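next input, structure requested:
(chains A and B)
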Amino acid sequence: MLKRLYRWLDLRIGVGEIVEKELTGYLLPRNINEWYSLGSVLLLIFALQVITGMLLMIYYVPDADKAFKSVTFIMNEVPFGWLIRLCHAVGSNMMVAVLILHMLSTLLMGSYKAPRELNWVTGFTLLALVQGISLTGYLAPWSQLSFWATTVATNSASAIPVVGPYLVEFLRGGKLVGPPTLGRFFALHAAVLPVVIAAFIGAHLFLLKRTGISAPPFGREGTANPFEAQQYHYQGHPGGIPFFPNYVLQDLTSISIYFAIFLAVVFFWPGMPFTPDAFVPADPFRTPAHIKPEWYFLANYQTLKIFPSELFGLSVQAAAMTFLALLPFIDRSPERHPLKRPVFLTLVIAGVLLWIALSVWGHLS
Amino acid sequence: MENEGRRKFLGVCVAGATAAAAVAAGYPVFRYLAPRSGQGGAAKLVIPAGELKEGDAKFFEFAGSSAVLIKTKSGELVALSAVCTHLGCIVQWVKEKQQFLCPCHGGQFSTDGTVLGGPPPRPLAKIPLTVTEGNITIG
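Predicted coordinates:
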């Protein structure tokens, strides 16, 4: 039956040619490893976030008077509403975590280097966009946690000289976080940012298809023809392994492992995305003690606290982010093996440790 | 031959696991989207008899749908579904003529729900009511 359907389609639109070009004939490096499958995992997470987000929109009301009640209704009254909401809340945390792992693997394997500078830049932009969509979604439940975390996060922009205070007011739609903030954050979260993220994912995949996939700098002998910046050429892998079925199996393995972790958190640690303040409706006249941002913003939050001037703290972060975004243009040596780049490897490890230390410090302080 | 058998067995296992996963994911989504039972409003409603004058009609929500209570000029109380049996529009009470008119396609009904004219195929459904101590209990 399936074979007949395939033949029917092939006769009309030449499916076989696409399968040959994009799946069975799409050859990957022989020494490709499991870290390359994180992109597929991220695509799946994004799709799940879109689906669960659409489902939540059926019952969620983006109105300051009704938002908290509608979320409580989803959690307590709607059949499996708790599951859909937890999948969305846990999924957003997982998306940031997997994205960080994807970027770390790219960093350590030197895959950001020429000719893949634009892949890195679009990927880095996606990290910023994912953080933005998480931040704007954080306000949606209109709880004490949402309200005050958004107050603290938007307030950081006030340290920018001259335009800072106006920028804060512009972000919030008023002097303080209030109903106008919910309106604009919801529009960003549910309409603007998903479209922008989808566009950047498209650009990221387009670049991947045009440059060809990078070969890991270790493992079995490579198959890539080296890049020379003379003229454009697709970096193919003659003699490599086919994407389908070989690497699809690796993608499915990684997706299964991801699901095991994701569902374990959803079912056995459902409190992970929440603190007690997440269960109290927002009260603009009562600031709860120890309000903290999400784990992936803790390092930024702590950096702002340790510098005597907020502007200095912001500038340090902006410099670090710009350095990372432009890394392929700064680190131009062709060597990609991490052990043959000791200074770089030390810097990466030190950077990760610093980020973890700042996050833990921010959590405990 | 043995390989073919193994391949078929594995194929069946994968298809079975995929189907099970699809059901496990699809069932919560279906339940999430399905209209909730018991959401249709009260199955009994009490209206004070004094609220209605002779010749008047009172529309209200009943068991998740629209209904109407009328007190005829002879003083008889009748409760009917207000949903036209033609295409589901809500009928209007024409006090002067003491009959219902569906504004969508001109269906007409008498005070006991009988079709007087127009396209409706069936009379309006009757809803039982009781009157005790000045209160009308519908349903």
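
residue A:345: what's it in contact with?
When contacts are counted by CB atoms under 8 Å, 6 or more residues apart in numbering or on different chains, residue A:345 is found next to A:108, A:338-339. Every residue, glycine included, has its C-beta placed from N, CA and C.

quick check: longest helix of chain A.
Ranked by residue count and defined by DSSP state H, the top helix of chain A is helix A:81-108.

which strands and helices sit next to that helix?
The contact analysis (3 or more CB pairs under 8 Å, 6 or more residues apart in numbering or on different chains; DSSP states H and E) places helix A:81-108 against helix A:38-59, helix A:67-76, helix A:117-138, helix A:248-268, helix A:342-364, helix B:2-33.

sketch out the low-pLDDT regions of chain B for me.
B:1, B:38-42 (pLDDT under 70).

quick check: domain ranges of it?
What automatic domain parsing lists as the domains of chain B is B:1-34, B:45-138.

the last one: end-to-end distance?
Translated: domain B:45-138. From its first residue to its last, domain B:45-138 covers 5 Å (CA to CA, to the nearest Å).

where's residue A:268 relative to chain B, distance?
Going from residue A:268 to chain B by CB to the nearest CB, to the nearest Å gives 17 Å.

shouldn't residue A:171 be within a helix?
Yes. Counting by DSSP: H, G, I helix; E, B strand; the rest coil, residue A:171 is part of a helix.

wait, isn't it in contact with residue A:157?
Yes. Using CB atoms under 8 Å, residue A:171 makes contact with residue A:157 at a distance of 6.4 Å.

so who does residue A:108 touch?
Residue A:108 touches A:338, A:345, A:348, counting by CB under 8 Å, 6+ apart.

same thing but at 6 Å, please
By CB atoms under 6 Å, 6 or more residues apart in numbering or on different chains, the contact list for residue A:108 reads residue A:338.

ok so, going back, what's the closest of the contacts of residue A:345 to residue A:311?
Using CB to CB, the shortest approach to residue A:311 within the contacts of residue A:345 belongs to residue A:108, at 33.3 Å.

partners of the closest residue to residue B:117 other than its chain neighbours in the sheet?
Excluding the flanking residues, the one nearest residue B:117 by CB to CB, 6 or more residues apart in numbering or on different chains is residue B:108, at 4.4 Å. Listed beta-bridge partners, residue B:108: residue B:101, residue B:117 (assigned using DSSP bridges).

and the gap between residue B:108 and residue A:164?
Counting by CB to CB, to the nearest Å, the gap from residue B:108 to residue A:164 is 70 Å.

what number of residues lie near residue 103?
You didn't pick a chain, so chain A it is. 18 (other CB atoms under 10 Å in any protein chain shown).

please go with chain B instead
Neighbours of residue B:103 (other CB under 10 Å): 11.

let's verify it: helix, strand, or coil?
At residue B:103, secondary structure determined by three-state DSSP is coil.

and it, how far is that from chain A?
Counting by CB to the nearest CB, the gap from residue B:103 to chain A is 31 Å.

excluding chain neighbours, what is closest to that residue?
residue B:92 (5.8 Å).

wait, doesn't that neighbour sit right on residue B:101?
Yes. Look at residue B:92 against residue B:101 with CB atoms under 6 Å: they come within range, at 5.4 Å.

which of these two has more neighbours?
Ranked by neighbour count (other CB under 10 Å), residue B:92 and residue B:101 place residue B:101 first, with 18 against 15.

residues contacting that one?
Counting by CB under 6 Å, 6+ apart, residue B:101 has contacts B:92, B:94, B:108.

for residue 79, which non-adjacent residue is spatially closest?
No chain was given, so I picked chain A. Distance criterion CB to CB, 6+ apart; nearest residue to residue A:79, sequence neighbours excluded, is residue B:31 at 4.0 Å.

um, chain B though
Residue B:79 sits nearest to residue B:127 (CB to CB, 6+ apart), 4.0 Å away.

right, and that neighbour touches residue B:78 too?
No. Under the criterion of CB under 6 Å, residue B:127 lies out of contact with residue B:78, with a separation of 8.8 Å.

which bits of chain B sit near chain A?
Residues of chain B lying close to chain A by CB under 6 Å from any CB of the partner chain are B:28, B:31-32.

just the buried residues of the residues you listed.
For the residues of chain B next to chain A, a burial check counting by 16 or more other CB atoms under 10 Å in any protein chain shown picks out B:28, B:32.

adding distance to residue B:121, write the residues of chain B next to chain A out as a markdown table.
Below are the residues of chain B next to chain A laid out as a markdown table (distance: CB to CB, whole Å):
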| residue | distance to residue B:121 |
| --- | --- |
| B:28 | 40 |
| B:31 | 35 |
| B:32 | 36 |
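
residues from chain A in reach of chain B?
Within chain A, the residues that sit near chain B (CB under 6 Å from any CB) are A:79-80, A:83-84.

which members of those are classed as buried?
Neighbour-count burial (16+ other CB under 10 Å) is assigned, among those, to A:79-80, A:83-84.

quick one: which of the contacts of residue B:101 is nearest to residue A:360?
The closest of these to residue A:360 turns out to be residue B:92 (CB to CB; 69.0 Å).

and the gap between that closest one and chain A?
Applying CB to the nearest CB to residue B:92 and chain A gives a distance of 32 Å.

could you check how far that residue is from residue B:109?
To residue B:109, residue B:92 is 10 Å away according to CB to CB.

now residue B:94
10 Å.

what do you get for residue B:76?
Per CB to CB, residue B:76 is found 16 Å from residue B:109.

and these two? Which one has more around it.
Legend: neighbour count by other CB under 10 Å for residue B:76 and residue B:109, higher for residue B:109 (23 against 11).

next, count neighbours for the residue nearest to the more buried one when sequence neighbours are not counted.
Among residues not flanking residue B:109 along the chain, residue B:100 sits closest, at 4.1 Å (CB to CB, 6+ apart). Residues contacting residue B:100 under the criterion other CB under 10 Å number 26.

using CSV, lay out the domains of chain B together with distance to residue A:142.
Output for those, formatted as CSV (distance: least, CB to CB, whole Å):
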stretch, distance to residue A:142
domain B:1-34, 21
domain B:45-138, 29
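
which one of those domains is the most hemmed in?
Ranked by mean neighbour count, those are led by domain B:45-138 with a mean of 16 (mean count of other CB atoms under 10 Å in any protein chain shown).

buried ones in stretch A:232-245?
Applying 16+ other CB under 10 Å to stretch A:232-245 flags A:235-237, A:240-241, A:243 as buried.

please list all residues in contact with the residue nearest to residue A:360 when sequence neighbours are not counted.
For residue A:360, ignoring the flanking residues on the chain, the nearest one in space by CB to CB, 6+ apart is residue A:298 at 7.9 Å. Listed by CB under 6 Å, 6+ apart, the contact partners of residue A:298 are A:359, A:362-363.

what do you get if the cut-off is 8 Å, keeping everything else the same?
A:292, A:358-360, A:362-363 are the contacts of residue A:298 under CB under 8 Å, 6+ apart.

can I get those residues in a markdown table including neighbour count?
Converted to a markdown table, those look like this (neighbours: other CB atoms under 10 Å in any protein chain shown):
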| residue | neighbour count |
| --- | --- |
| A:292 | 18 |
| A:358 | 18 |
| A:359 | 18 |
| A:360 | 14 |
| A:362 | 21 |
| A:363 | 13 |
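
among the residues you listed, which two are most distant?
Every pair of the contacts of residue A:298 checked by CB to CB; the farthest is A:292 and A:358, at 12.9 Å.

which one of the contacts of residue A:345 sits closest to chain B?
Nearest to chain B out of the contacts of residue A:345 is residue A:108 (CB to the nearest CB; 33.1 Å).

can you give me the neighbour number for residue A:175?
Neighbours of residue A:175 (other CB under 10 Å): 9.
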